[in-house]
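>>> What follows is a predicted structure for the sequence shown.
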Amino acid sequence: MTLRPLYDRLERMPFVRIAAPFAAGIALADAWNWPLWFVAGAFLLSGVLALLFRSQAAAAMLLAATGVGAVQLRTAPPAVPRGIDTLFELEVDEFPADRGRYTVAGATVAAWLDPETERWHPAADRIRLYGDSLVSLAGGERIRALGRIRPFGGGAHYRTQMTRRGAVGTLWLTPHGLLDRRPAATRSLHRAAVERIGRLGVGGDAGAVVRAMTTGERSGITPELRAAYSRSGLSHLLALSGLHTGILFAVVNAALWWLPLLRHGHRLRNAAAIAAVWTFVAAAGFPASAVRAAAMCTLLQASLASSSHYDGMNALGAAAFGMLLWNPAWLYDTGFRLSVAAVAGILAWGVPLARRVRTGRRWVDLATGALLVSFAATAATAPLVAGTFGAIPLAGIVLTPAAILLSGIVVGCGALWLLLPLAPLAPPLRLAAGLAAEGIDRLAEAAAGLPAARIEIGLTGAQTAACYLAFAVATAAAWCVEQKKVVHLPS
């Protein structure tokens with residue numbers, strides 16, 4: 001075992017070497033309050049050292065300082081007052097979720113009234129808006145309400161997570177405090193997609209699952225169904241993520257296989273695949289994990305178009321770095337972190353293991369490879385899941401391959417309906433998507449009832465970091481092993 005294979009591998013992954021220290025800088029900015037003069041000095045000093053001595057350590061320090069600076073430049077104190085009863089102009093950003101005794105949705109405070117000067121002040125702070133059982137909320141509507149923005153309650157972990165996501169507090173809305181409401185001035189692509197999927201006509205829990213998998217709208221998921229998916233390890237299917245984006249990418253490329261037979265057809269297929277992926281992500285409201293997958297799919301499609309080498313791990317680093325540069329708060333988005341960890345586990349361990357156990361029998365290799373990839377993704381995300389949710393689902397390792405096949409039907413039918421909402425297509429698409437969604441529901445409910453469906457275990461932040469450090473060390477050790485070259489001599 002030598003370090004040369006590891007060095008060679010890292011040389012082919014420049015964006016991984018860039019993204020890692022940049023993400024570390026974002027984490028450092030959250031852990032300590034760094035003076036701006038110190039950050040600027042560290043940036044200049046490390047930059048000079050990197051240029052003069054071509055030092056990799058200095059370059060890493062430069063990227064870490066850049067991460068700290070990016071957080072500080074994008075962080076602003078709340079513009080709205082908290083703990084004061086006054087008037088607020090609100091815009092509901094999300095489709096409200098019914099929690100039985102109340103309704104909850106994300107909202108943006110567009111303006112607030114200063115009770116002392118009676119002047120309106122513009123704002124752009126995000127809050128969590130709660131309405132009691134007598135108040136119905138609608139996505140996109142504008143509301144004028146009397147109330148008080150309060151700090152987040154609950155545990156310290158929840159408060160930290162909401163603050164990192166840019167929310168400043170909560171506002172409870174009562175019928176007496178609701179003074180005026182107006183419908184949305186414009187209809188966003190996300191709301192249009194949700195309405196169009198609703199016209200497909202899949203009802204019940206299956207319809208809620210179809211909406212969640214194709215548009216990211218999960219307000220119709222009942223608490224019982226959500227608990228079944230969580231216990232069975234299939235909850236990632238309800239959050240529109242890289243899995244759904246990858247399914248769409250594969251379906252579009254497979255459906256347009258004939259285009260390269262035409263003149264310049266390969267260019268049309270590449271453009272159509274990229275456009276379809278990003279339109280799908282936009283219709284879902286740009287969730288972080290789906291944006292990551294769309295960026296990787298774009299790089300893959302570009303490499304296919306240019307016949308250049310595609311390194312999945314480097315593409316993952318490029319997507320993560322670009323997203324964190326655009327919005328450093330995505331580092332604390334649970335979907336983003338789980339998506340990156342799952343893909344890293346699949347690329348580092350799942351795919352290599354699947355290649356090593358090939359038997360030459362196609363169906364056996366497909367089944368074995370699917371289980372190994374599922375196991376690698378589960379193992380890679382297990383520390384994060386345990387640290388965030390306090391449990392590790394095990395049933396999903398076996399169920400995920402079958403659930404992905406059914407998810408492909410749901411996503412394919414939903415995407416076709418979004419693209420071509422023609423009445424003759426509705427009955428077959430409704431039947432196929434509904435049956436596939438019901439199949440996933442039955443899988444989740446059956447697995448949730450098993451006594452060993454998941455392990456109850458919680459990890460602290462330090463323990464989670466130690467697990468991923470061990471994962472990185474094990475991966476580096478595996479990459480240090482030189483692959484034996486096989487030379488076939490002519491007979």
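Thanks, I have the structure now. Numbering: from 1, shown residues only.
>>> Output the contacting helices and strands for the host helix or strand of residue 205.
Under the criterion DSSP states H and E, the helix or strand holding residue 205 is helix 204-215. Applying 3 or more C-beta pairs under 8 Å, 6 or more residues apart in numbering; DSSP states H and E, one finds that helix 204-215 makes contact with helix 189-198, helix 223-232, helix 395-419, helix 426-448. Yep, even glycine has a C-beta here, placed from its N, CA and C like the rest.
>>> Let's see that with 10 Å instead.
Taking 3 or more C-beta pairs under 10 Å, 6 or more residues apart in numbering; DSSP states H and E as contact, the helices and strands that helix 204-215 lies on are helix 189-198, helix 223-232, helix 242-255, helix 265-283, helix 395-419, helix 426-448.
>>> Tell me which stretches of the stretch 251-400 of the chain form helices.
Ranges of helices within the stretch 251-400 of the chain are 265-283, 288-306, 312-326, 334-345, 351-356, 362-389, 395-419, based on DSSP state H, counting those that start in this stretch.
>>> hang on, the earlier thing: export the helices and strands packed on helix 204-215 to JSON lines and tack on mean pLDDT and mean neighbour count?
As requested, these are exported to JSON lines (pLDDT from 0 to 100; neighbours: other C-beta atoms under 10 Å):
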{"stretch": "helix 189-198", "mean pLDDT": "89", "mean neighbour count": "18"}
{"stretch": "helix 223-232", "mean pLDDT": "88", "mean neighbour count": "19"}
{"stretch": "helix 242-255", "mean pLDDT": "87", "mean neighbour count": "22"}
{"stretch": "helix 265-283", "mean pLDDT": "90", "mean neighbour count": "18"}
{"stretch": "helix 395-419", "mean pLDDT": "89", "mean neighbour count": "21"}
{"stretch": "helix 426-448", "mean pLDDT": "93", "mean neighbour count": "19"}
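>>> burial of the residue nearest to residue 268 when sequence neighbours are not counted, as a residue count?
For residue 268, the nearest residue in space outside its immediate sequence neighbours is residue 259; the separation is 5.3 Å by C-beta to C-beta, 6 or more residues apart in numbering. Using other C-beta atoms under 10 Å, residue 259 is surrounded by 18 other residues.
>>> closest to residue 50 out of the helices of the stretch 251-400 of the chain?
Distances from residue 50 to each of the helices of the stretch 251-400 of the chain were compared using C-beta to C-beta; the shortest belongs to helix 312-326, at 17.2 Å.
>>> Now do the buried residues in the closest one.
Residues of helix 312-326 classed as buried under the neighbour-count rule (16 or more other C-beta atoms under 10 Å) are 312-321, 323-324.
>>> Please give me every residue in contact with the spatially most central residue of the chain.
Relative to the mean C-alpha position of the chain, the nearest C-alpha, by C-alpha atoms, centre = their mean, is the one of residue 289, at 2.1 Å. Residues in contact with residue 289, defined by C-beta atoms under 10 Å, 6 or more residues apart in numbering, are 236, 239-245, 281, 330, 333-340, 342-343.
>>> of all the helices of the stretch 251-400 of the chain, which lies closest to residue 457?
Shortest distance between residue 457 and the helices of the stretch 251-400 of the chain, using C-beta to C-beta, is found for helix 362-389: 5.1 Å.
>>> Flag every buried residue along the closest one.
Within helix 362-389, the residues that qualify as buried are 368-388, counting by 16+ other C-beta under 10 Å.
>>> From the chain's centroid, how far away is it?
The offset between the C-alpha centroid of helix 362-389 and the centroid of the whole chain comes to 17 Å, using C-alpha atoms, centre = their mean, to the nearest Å.
>>> quick one, helices of the stretch 1-150 of the chain?
With DSSP H, counting those that start in this stretch as the definition, the stretch 1-150 of the chain shows helices at residue ranges 4-11, 14-31, 36-53, 56-74.
>>> Save these as TSV, and put in mean neighbour count and distance to residue 182 too.
As requested, the helices of the stretch 1-150 of the chain are exported to TSV (neighbours: other C-beta atoms under 10 Å; distance: least, C-beta to C-beta, whole Å):
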stretch	mean neighbour count	distance to residue 182
helix 4-11	13	55
helix 14-31	19	38
helix 36-53	14	41
helix 56-74	19	31
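>>> quick one: which of the ones you listed is nearest residue 252?
When the helices of the stretch 1-150 of the chain are compared by C-beta to C-beta, helix 14-31 sits nearest residue 252, at 25.2 Å.
>>> list the helices and strands the closest one packs on?
Looks like helix 14-31 contacts helix 4-11, helix 36-53, helix 56-74, helix 156-164, helix 312-326, helix 334-345 (3+ C-beta pairs under 10 Å, 6+ apart).
>>> where's the nearest residue to residue 455 once chain neighbours are set aside relative to residue 339, distance?
Once flanking residues are discounted, residue 455 sits nearest to residue 392: 4.8 Å by C-beta to C-beta, 6+ apart. Applying C-beta to C-beta, to the nearest Å, the value for residue 392 to residue 339 is 18 Å.
>>> which of those two has more neighbours?
Shown here are residue 392 and residue 339; by other C-beta under 10 Å, residue 339 has more neighbours (29 against 20).
>>> Run through the residues that contact that one.
By C-beta under 10 Å, 6+ apart, the contact list for residue 339 reads 236, 239, 241-243, 245, 287-293, 296, 316, 319-320, 333, 381.
>>> Could you do residue 364 as well?
For residue 364, the set of contacting residues under the criterion of C-beta under 10 Å, 6+ apart consists of 357-358.
>>> same check, this time on residue 351
By C-beta under 10 Å, 6+ apart, the contact set of residue 351 is 312, 345, 369, 372-373, 376.
>>> That one and residue 450, how far apart?
Distance of residue 351 to residue 450, computed by C-beta to C-beta: 29 Å.
>>> I'd like the helices and strands packed on helix 204-215 as a markdown table, with distance to residue 23 appended.
Compiled in a markdown table, the helices and strands packed on helix 204-215 are given as follows (distance: least, C-beta to C-beta, whole Å):
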| stretch | distance to residue 23 |
| --- | --- |
| helix 189-198 | 28 |
| helix 223-232 | 27 |
| helix 242-255 | 18 |
| helix 265-283 | 22 |
| helix 395-419 | 27 |
| helix 426-448 | 33 |
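>>> can you list contacts of stretch 260-271?
If you take C-beta under 10 Å, 6+ apart as the criterion, stretch 260-271 is touched by 252-253, 255-259, 298, 301-302, 304-306.
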